[in-house]
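Asker: Need a 3D model of the following:
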Amino acid sequence: MATKNIKMDWLNEGSRFTSQVNTAGLATSLVVSSTGGGILVGGMVTNTSASGLYLQIHEAVALPSDGAVPYFSLYVPAETTLALPIPLTLEAGCVLAGSTTAATLTIATAVLSIVAQFLS
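Answerer: Numbers count the residues shown, from 1 in each chain. Got it, this is the predicted structure:
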């Protein structure tokens, strides 16, 4: 079997790859990058609640307040696990948050389990 070399232009010598998981103490949010921009390159979200929620991706360095408009919003049905839509390039950090609404952030009280990989 021949080996293939894969060229990754977005990966350079100064790149830093991080993988993070939220915990119950973080409820429905995960600050993936608080130091600036990069590329969301992987991840998944699990909704174990009985009702659907939205996973919002915010271009920010800290969890925004209710009413913030997301960069992207993904509906996560009840009792479902979904892969994150990737890759996504974010210029000012990356925060993933659970919301009861799609268009603006309304922080959900139900817990979403979030795993994300970010390249900065």
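
Asker: partner residues bridging residue 72?
Answerer: Under DSSP bridges, the beta-bridge partners of residue 72 are residue 57.

Asker: give the contact list for it.
Answerer: Residues counted as contacts of residue 72 (Cβ atoms under 8 Å, 6 or more residues apart in numbering) are 56-57, 85, 88. Just so you know, the C-beta spots here come from the backbone N, C-alpha and C atoms, and that holds for glycine as well.

Asker: Mind listing the strands the longest strand anywhere in the chain pairs with, and their directions?
Answerer: When the chain is parsed with DSSP state E, its longest strand is strand 38-47. Applying DSSP bridges, strand 38-47 is found paired with strand 80-83 (antiparallel), strand 88-90 (antiparallel), strand 112-119 (antiparallel).

Asker: Which stretch among those strands is buried most, on average?
Answerer: Of all these, strand 112-119 carries the top mean neighbour count, a mean of 20, counting by mean count of other Cβ atoms under 10 Å.

Asker: can you give me the mean pLDDT across that one?
Answerer: Across strand 112-119, pLDDT averages out at 87.

Asker: Next, the residues that contact that strand from outside, please.
Answerer: The contact list for strand 112-119, computed with Cβ under 8 Å, 6+ apart, reads 10-11, 15-22, 28-30, 32-33, 38-48, 53, 55, 76, 84, 94, 96, 98.
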